[in-house]
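[1] sequence-free structure coming up:
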């Protein structure tokens, strides 16, 4: 049963709809490109805008699409007011779930080569995400120039996290190889 209350994901949706509006597919695509910042089940990217529209935070309009009508959302005055109120609340450090860190801690319970094998998948993921960061910078300059300066701050943050993960991986591999 859905609540009438806004949750952190509600604010993600309101923010991504932004001043120019967006459809659920646009929101989902943005999420795939920026999944370092927020991750949610694919169905949530479609359900939450509908819920917010029913609550009066978004307006929903049917527009022609390639194969069928699509819904396009825009912020209402209530949505903007909710974002302003939320923006004033104290920000907290992000919650972190870092499975690779726990895997490294388990390396004294499993063979080093097993942990190395499991961690090996990280490197191509990090490289892929670094490429996504650069692509996001280019998209922002073209698609949302009014937000590009804000998105650049986030992309620089993402790049830093990814590079830090790469440094961590290099160090973890070095330590694990030294155990053999």
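    Yep, that arrived. Here the structure is a predicted model, which is why all the values come from computation and not from measurement. Numbers count the residues shown, from 1 in each chain.
[2] residue 70: how many residues sit nearby?
    15 (other CB atoms under 10 Å). (Each C-beta comes from the backbone N, C-alpha and C, glycine too.)
[3] contacting residues for the nearest residue to it once chain neighbours are set aside?
    Spatial nearest neighbour of residue 70, chain neighbours left out: residue 23 (5.2 Å); criterion: CB to CB, 6 or more residues apart in numbering. Counting by CB atoms under 8 Å, 6 or more residues apart in numbering, residue 23 touches 63, 70, 71, 72, 73.
[4] just the pLDDT at the third one, thanks.
    Here the pLDDT value assigned to residue 71 is 93.
[5] most neighbours among the contacts of residue 23, please name it.
    Highest neighbour count within these: residue 73, with 26 neighbours (other CB under 10 Å).
[6] against residue 39, how distant is the closest residue to it other than its chain neighbours?
    Spatially, and ignoring its direct neighbours in sequence, residue 73 is nearest to residue 58 (4.4 Å; CB to CB, 6+ apart). As judged by CB to CB, to the nearest Å, residue 58 and residue 39 stand 22 Å apart.
[7] likewise residue 57?
    According to CB to CB, residue 57 and residue 39 sit 22 Å apart.
[8] which helices and strands does the helix or strand of the chain with the lowest mean pLDDT pack with?
    For the chain, using mean pLDDT, DSSP states H and E, the weakest element among its helices and strands is helix 24-33, scoring a mean of 76. With contacts defined as 3 or more CB pairs under 8 Å, 6 or more residues apart in numbering; DSSP states H and E, helix 24-33 has these neighbours: helix 8-17, helix 42-54, strand 70-75, helix 122-143.
[9] the ones you listed: which one's closest to residue 150?
    helix 122-143 (8.7 Å; CB to CB).
[10] can you list the domain ranges for this structure.
    Per automatic domain parsing, the domain ranges recorded for the chain read 8-88, 99-179.
[11] of those domains, which stretch is the most buried?
    Mean neighbour count (mean count of other CB atoms under 10 Å) peaks for domain 8-88 among these, with a mean of 16.
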